[in-house]
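Student: sequence unknown, structure follows:
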């Protein structure tokens, strides 16, 4: 792989120029006005993969945004790696908190700043450029397929059907995914667990129109007050979710597993300091890394109702709403949790209001066994580039489609991400370290080499 | 007053045309982009009052929006009536719920539809036209002064100083105000009590930036969740406000007073039906009209935080906020309540968040004695036009400046409003019945006549 690494060294600046072109496309899947940007982004990627060495690259339509599929088959008898990534990005609000233009990437302090710099354009582009380096230096030891979707941030609604419709095309020995983080550059890690997700929206309706809070205040249920009461009641004073049956299927870790998991380096004071919070808060009886890694949670992702502009308005709003998501762990079922949530929320609503409960999206939790060949190959590749054996890590995040791949395609995924917590994905001022990007580009060819050698 | 009434009958259409001109000016005091509309509206009113018969009408500057002052002195020895009203209106959101243009008034179903149709342009214009009718028919029995402000809906911040600076100019025997409602056209009433108001805004800050709810969910206090918890805790399960000291100064009605007050006609089933709610909700142990008339309340007027656009975003917001107002009754002090609120809200916030608490505006409750001469004169006038003796009524609304008038100018106010609950003031589709408007214009000259006759 020496030649491939030399190639990477020589082409650093061009790789970044190309990545910046990709980052400039505002491919926000959650906002319908960006529909044309999704197509443009997919076309850009297909062209880029052909230039990098793919035999073919197609922009394949789905019911939603297109999937970019590309491949290079070196030897039908060789192992096949299916690279998955997503070219859609999160919305940029609150816009005013960005210190740079979200879609005009810049380099400062050794980092690339912009929406998608890490999640997931920066990470998927590492695979494109590692692939190019191996092709250009004639050192690609596996067949490679790319499947890059444009709907991950909205729950991959079209990719399940796409996978079911294209099982043969997507056949592979492993799915390789860089859409996760490491503990730190000094403590590399491979994600072996992902939480699942159930994302709901609730709307509480009180009176049939906005009312004057003087003439009606105190006598009519205010849906904003009722919403706070209902939402607050979803978590008890021990930090546990109160929805009946919520914990029924949660697999409790054994004492030995808990001990091993808590060996990951973690500094609570540093964590609090980095977030500027006076204290952490979560389920009683669990450590902070357990709370995000192996325990389920419930968060308000958005809440709104009444007058939220400048000044004052003495109104009892007719409606108030919240977006509420729950992170799930093995063996919770996201659809069952959605049902339990809906049933409970309807049950606790008082007669003074009506409630509407909608399921927006979800996905199952995922576990990658640390003894599978791809995991072992990734471990060796990271030892080569980081000089340390990576720790297995349970991430709190969710990539719902990963468990979908296993269910539909019967293929395990290896989650070799080079992100860091400081990358601020989904937040204003997202960034990705130049060292993270190039360590990724260098590690990936080594993974292919070791994976090709496994039985 | 026969001639004045005839004059009104002849000029009905012109009165409405003029009112429509006034309603077309979008004088929203809460929104700074409407600053030029405030001045334009004041100038329009001053010109209209001169045309109606005023000796002088001035647009007098204040630190905020101008006050329109006009007067006609018929006899220094006669009684003087100071008419107070406000030309500013509420914001129009949610805009999409209006069935007509809020600032393009129309007549349908015997009602005038548009923002300000009742509150307070429609009501103050009754006084301008009643004044005109008396001037034109040489039947004005009192001196008249007008004081029309442009900041009532934001708490009259400049009018207190204006009154203090112009005590002599504003000297009068009574302040006459139409900015309230009657029970119904069949059950006329005079408002003898108003609730006070303390309006606060709270902001809860958790982590120093928006976080990914997967990577941090369950381990970090989510300010939106914390806000729901804190706000929900402000009212207990008996519907009582939990702020320590909140009820200390509340004057409890005597059993006889409660009995008399509850004699006002009120149909709970009709009330629920008109609001389309399955049940009412409020402080245990009190009737619905007591809850709005003589008991304090606490309402969320606005709440916001996190992602509130289309689609989903898995975010833990850095901040979440709410606008919360409390209606107060005699003898609660709005500044003391603001202090108690702030102290309590800070005290209940957990160490995992920071809170910011701001006082936005407030005003004291007010009581008008039913034995004062102006009340008796109004009672007689309403008997003449409605054929029934009006009931004394405790309104749930607040007009903070009314108690300010008494404190600063030493003058009592008479609240003779012709609004109805169905007028939907502060809401989309505000309206004002043509019969309400013209009954008002006809009743006012009779009030002047009877008031001039009192000692």
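Tutor: Alright, I've got the coordinates. Bear in mind that the values here come from a model prediction, so they are computed numbers and not experimental data. Numbers count the residues shown, from 1 in each chain, chains lettered A, B, ... in the order given.
Student: Now do the nearest residue to residue A:331 once chain neighbours are set aside against chain B, distance only.
Tutor: In space, and not counting its chain neighbours, residue A:331 is closest to residue A:249: 4.8 Å by C-beta to C-beta, 6 or more residues apart in numbering or on different chains. The way it works is simple: take the backbone N, C-alpha and C, and place the C-beta from them, glycine included. Per C-beta to the nearest C-beta, to the nearest Å, residue A:249 is found 17 Å from chain B.
Student: State the pLDDT value of residue A:249.
Tutor: Listed pLDDT for residue A:249 reads 96.
Student: same thing with the one 3 residues further on?
Tutor: Looking at residue A:252, its pLDDT is 89.
Student: Would you mind giving the secondary structure of it?
Tutor: With DSSP: H, G, I helix; E, B strand; the rest coil as the basis, residue A:252 sits in coil.
Student: Report the contact partners of it.
Tutor: With contact set as C-beta atoms under 8 Å, 6 or more residues apart in numbering or on different chains, residue A:252 has no partners.
Student: Does chain B have contacts with stretch A:171-179?
Tutor: No. For stretch A:171-179, no contact with chain B is found by C-beta under 8 Å from any C-beta of the partner chain; the gap never falls below 11.0 Å.
Student: shouldn't the residue nearest to residue A:331 be in contact with residue A:334?
Tutor: No. When contacts are counted by C-beta atoms under 8 Å, residue A:249 is not listed as touching residue A:334 (10.9 Å).
Student: Those two: who's more crowded?
Tutor: Ranked by neighbour count (other C-beta atoms under 10 Å in any protein chain shown), residue A:249 and residue A:334 place residue A:334 first, with 22 against 15.
Student: what's the distance between the more buried one and residue A:363?
Tutor: Residue A:334 sits 6 Å away from residue A:363, going by C-beta to C-beta, to the nearest Å.
Student: and for these two, which residues touch both?
Tutor: Joint contacts of residue A:334 and residue A:363 (C-beta under 8 Å, 6+ apart) are A:196-197, A:400.
Student: Which of those fall in strands?
Tutor: Judged by DSSP state E, the shared contacts of residue A:334 and residue A:363 include A:196-197 as members of strands.
Student: Distance to chain B and neighbour count added to the shared contacts of residue A:334 and residue A:363, as JSON lines?
Tutor: Formatted as JSON lines, those follow (distance: C-beta to the nearest C-beta, whole Å; neighbours: other C-beta atoms under 10 Å in any protein chain shown):
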{"residue": "A:196", "distance to chain B": "10", "neighbour count": "26"}
{"residue": "A:197", "distance to chain B": "7", "neighbour count": "27"}
{"residue": "A:400", "distance to chain B": "11", "neighbour count": "26"}
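Student: from the shared contacts of residue A:334 and residue A:363, which is closest to residue B:342?
Tutor: Top of the list for closeness to residue B:342, among the shared contacts of residue A:334 and residue A:363 and by C-beta to C-beta, is residue A:197 at 37.8 Å.
Student: leaving aside the residues next to it on the chain, what's closest to the closest one?
Tutor: In space, and not counting its chain neighbours, residue A:197 is closest to residue A:398: 4.0 Å by C-beta to C-beta, 6+ apart.
Student: Could you pull up phi and psi at the residue nearest to residue A:331?
Tutor: Here is the backbone geometry of residue A:249 (degrees, to the nearest 10): phi -100, psi 10.
Student: residues contacting it?
Tutor: The contact partners of residue A:249, by C-beta under 8 Å, 6+ apart, come to A:331-333, A:336.
Student: what does the stretch 351-455 of chain A have sitting close to chain B?
Tutor: So far as C-beta under 8 Å from any C-beta goes, the stretch 351-455 of chain A lies against chain B at A:351-354, A:360-361, A:395-398, A:421, A:424-429.
Student: List buried residues within those residues.
Tutor: A:352-354, A:360-361, A:395-398, A:421, A:424-429 (16 or more other C-beta atoms under 10 Å in any protein chain shown).
Student: residue in the stretch 351-455 of chain A nearest to chain B?
Tutor: Using C-beta to the nearest C-beta, residue A:397 is the residue of the stretch 351-455 of chain A that sits closest to chain B, at 3.2 Å.
Student: So that residue sits against residue B:216, correct?
Tutor: No. Between residue A:397 and residue B:216 there is no contact under C-beta under 8 Å: 9.5 Å.
Student: Please state the offset of the helix or strand residue A:405 falls within from the chain centre?
Tutor: Assigning secondary structure by DSSP states H and E places residue A:405 in helix A:400-409. Helix A:400-409 sits 14 Å away from the centroid of its parent chain (C-alpha atoms, centre = their mean, to the nearest Å).
Student: got a markdown table for the shared contacts of residue A:334 and residue A:363, with pLDDT too?
Tutor: Below are the shared contacts of residue A:334 and residue A:363 laid out as a markdown table (pLDDT from 0 to 100):
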| residue | pLDDT |
| --- | --- |
| A:196 | 93 |
| A:197 | 94 |
| A:400 | 79 |
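Student: now the shared contacts of residue A:334 and residue A:363 as JSON lines including distance to residue A:435?
Tutor: Listed next are the shared contacts of residue A:334 and residue A:363 as JSON lines, based on distance: C-beta to C-beta, whole Å:
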{"residue": "A:196", "distance to residue A:435": "32"}
{"residue": "A:197", "distance to residue A:435": "30"}
{"residue": "A:400", "distance to residue A:435": "30"}
